[in-house]
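Asks: Got a sequence here, can you model it:
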Amino acid sequence: MATFAYGRVSTSEQSADNQRPQFAAMLAQIRNGEMLVVAKLDRLGRDAQDVGATIKLLASHKIAVIVLQLDALNLTSPAGKLMLTMLAALAEMERDLLVERTQAGLARAKSEGKTLGRPSKTTAEQRAEIVAKFAAGESVSALARQYGVSRANILSVVRVP
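Replies: As a prediction, the model looks like this:
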């Protein structure tokens, strides 16, 4: 019986591009009745739902999932399942509170007259020129090159009244 350990990068300087494929490759190698050890719960998925699905998949193959962050708790045991359910509920509550705070902040910013979103790549004067040149028959591609923006940007300018 083998014990597998999985770790992933968590610093801003490192790339996470190959993490999920490597995790999938590890899952393809682990066999029924073996053990997976991870340092932290978030190494098992992107969110609470993903973590839960991964643990259920592993448990269905009788693979013990040990999380060192939780005092080496086996999440496939009854006590581990209880802990995972509580952690998932807390994560969902925190996500809901985050959405609530974000919405409140956006509403406050709007009420203060702040413009939300990415700044426009063109000025109001340039947008008027683009509309006029497009109406005169200039192509979208030519306008995009001339103003140094994408074709999609030009299309959004000429299609907006």
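
Asks: quick one: the helices in this protein?
Replies: 19-29, 48-60, 78-111, 124-135, 140-147, 151-159 (DSSP state H).

Asks: Ok, which of the ones you listed comes nearest Ile66?
Replies: Nearest to Ile66, of all those, is helix 78-111, at 9.0 Å by C-beta to C-beta. Where you see a C-beta, it was placed from the backbone N, CA and C, and this is true even at glycine.

Asks: Throw the helices of the chain into CSV and include distance to Leu68, thanks.
Replies: Listed next are the helices of the chain as CSV, based on distance: least, C-beta to C-beta, whole Å:
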stretch, distance to Leu68
helix 19-29, 17
helix 48-60, 15
helix 78-111, 13
helix 124-135, 56
helix 140-147, 53
helix 151-159, 47
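
Asks: which stretch in those helices is the model least sure about?
Replies: Note on the helices of the chain: lowest mean pLDDT is at helix 19-29, with a mean of 83.

Asks: got the helices of the chain as JSON lines, with distance to Gly117 and mean neighbour count columns?
Replies: JSON lines is the format used below for those (distance: least, C-beta to C-beta, whole Å; neighbours: other C-beta atoms under 10 Å):
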{"stretch": "helix 19-29", "distance to Gly117": "30", "mean neighbour count": "12"}
{"stretch": "helix 48-60", "distance to Gly117": "29", "mean neighbour count": "16"}
{"stretch": "helix 78-111", "distance to Gly117": "10", "mean neighbour count": "12"}
{"stretch": "helix 124-135", "distance to Gly117": "16", "mean neighbour count": "14"}
{"stretch": "helix 140-147", "distance to Gly117": "19", "mean neighbour count": "15"}
{"stretch": "helix 151-159", "distance to Gly117": "13", "mean neighbour count": "16"}
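
Asks: How far does stretch 40-48 sit from its chain's centre?
Replies: The chain centre lies 12 Å from the centre of stretch 40-48; the measure is C-alpha atoms, centre = their mean, to the nearest Å.

Asks: how about that stretch as CSV, C-alpha atoms only?
Replies: Coordinates of each C-alpha in stretch 40-48 appear next as CSV, following Å, rounded to 0.1, in the frame of the first residue of the first chain:
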residue,chain,number,x,y,z
LYS,A,40,-3.7,22.0,3.4
LEU,A,41,-7.3,21.4,2.5
ASP,A,42,-7.3,23.9,-0.4
ARG,A,43,-4.8,21.7,-2.2
LEU,A,44,-7.7,19.4,-3.1
GLY,A,45,-9.7,21.8,-5.1
ARG,A,46,-10.5,25.4,-6.2
ASP,A,47,-13.5,25.8,-3.9
ALA,A,48,-15.5,24.0,-1.3
